[in-house]
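Novice: pasting the sequence and the predicted model now:
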Amino acid sequence: MDTIFFDTLPAIIVASNKTIIENYDALGMHLCTVVGPEMARLGCECPEPGYCFTVETAKEYKAENFEIEYCEKVLRMGQDSDLIKFKQLPEVKEAICMKVYGPYSKLRESYIELFAEIAKRGYEIADAPRACYVDGIWNQEDPEKWLTIIQVPVKKI
């Protein structure tokens, strides 16, 4: 059910939080107990439909205790805090994307598959890949119904 397609990622303003998490299963709790309340305290307004993603900041894969940056689209720049930083992200003219249905444990293998496809099609990675969360524990009880879209900025070789 994985689908690969090309897309443009628009320029956006995000509220971001960098942290070290034990594993992807711990991400939801961090967002609900730390990031969400801080964004609410800062008065962040998120447009519909929502758009949020993570970027792993390490240059190599780690299964546990890795740094991650969570970004969520907001309507305007706000006042930075110790937990949340605001920034503008430029447009990504070309990204190769993959829909991944199921639990986050499927993401590593999906990244490997997508990176192979990027090389096969004659592209190279131009910027940090994003894992965009469309459906997850917040709106789907069944992990098999979760949808994550991997978005990788690319350029033709």
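Specialist: Structure received.
Novice: separation between the residue nearest the centre of the chain and Lys145?
Specialist: Nearest to the geometric centre of the chain sits Phe53, at 2.2 Å (CA atoms, centre = their mean). Using CB to CB, to the nearest Å, Phe53 is found at 19 Å from Lys145. Placement of C-beta: from N, CA and C, glycine included.
Novice: ok so, going back, wait, the residue nearest to the centre of the chain sits on Cys71?
Specialist: Yes - using CB atoms under 8 Å, Phe53 is in contact with Cys71, at 5.6 Å.
Novice: any shared contact partners between these two?
Specialist: Arg130 (CB atoms under 8 Å, 6 or more residues apart in numbering).
Novice: OK, contacts around the closest residue to Leu9 other than its chain neighbours?
Specialist: Counting by CB to CB, 6 or more residues apart in numbering, the nearest residue to Leu9 once its immediate chain neighbours are dropped is Val92, at 3.8 Å. For Val92, the contact set (CB under 8 Å, 6+ apart) comprises 8-9, 126-127, 151, 153.
Novice: buried residues, the helix or strand bottoming out on mean pLDDT in the chain. List them.
Specialist: For the chain, scoring each helix and strand by mean pLDDT, DSSP states H and E identifies helix 27-30 as the least confident one, at a mean of 84. For helix 27-30, the buried set under the neighbour-count rule, 16 or more other CB atoms under 10 Å, comprises 27, 30.
Novice: Tyr24 versus the residue nearest to Leu9, what's the distance?
Specialist: 23 Å.
Novice: got it, and Gly36?
Specialist: From Gly36 to Tyr24 the distance is 17 Å (CB to CB).
Novice: more crowded one of those two?
Specialist: The residue with more neighbours, out of Gly36 and Tyr24, is Tyr24; 20 against 14, by other CB atoms under 10 Å.
Novice: pretty sure that one sits against Lys106.
Specialist: No - counting by CB under 8 Å, Tyr24 stays clear of Lys106, with 10.2 Å between them.
Novice: quick one: strands adjacent to the host helix or strand of Ser16?
Specialist: Per DSSP states H and E, Ser16 falls inside strand 12-21. Based on DSSP bridges, the pairing partners of strand 12-21 within the sheet are strand 66-74 (antiparallel), strand 85-89 (antiparallel).
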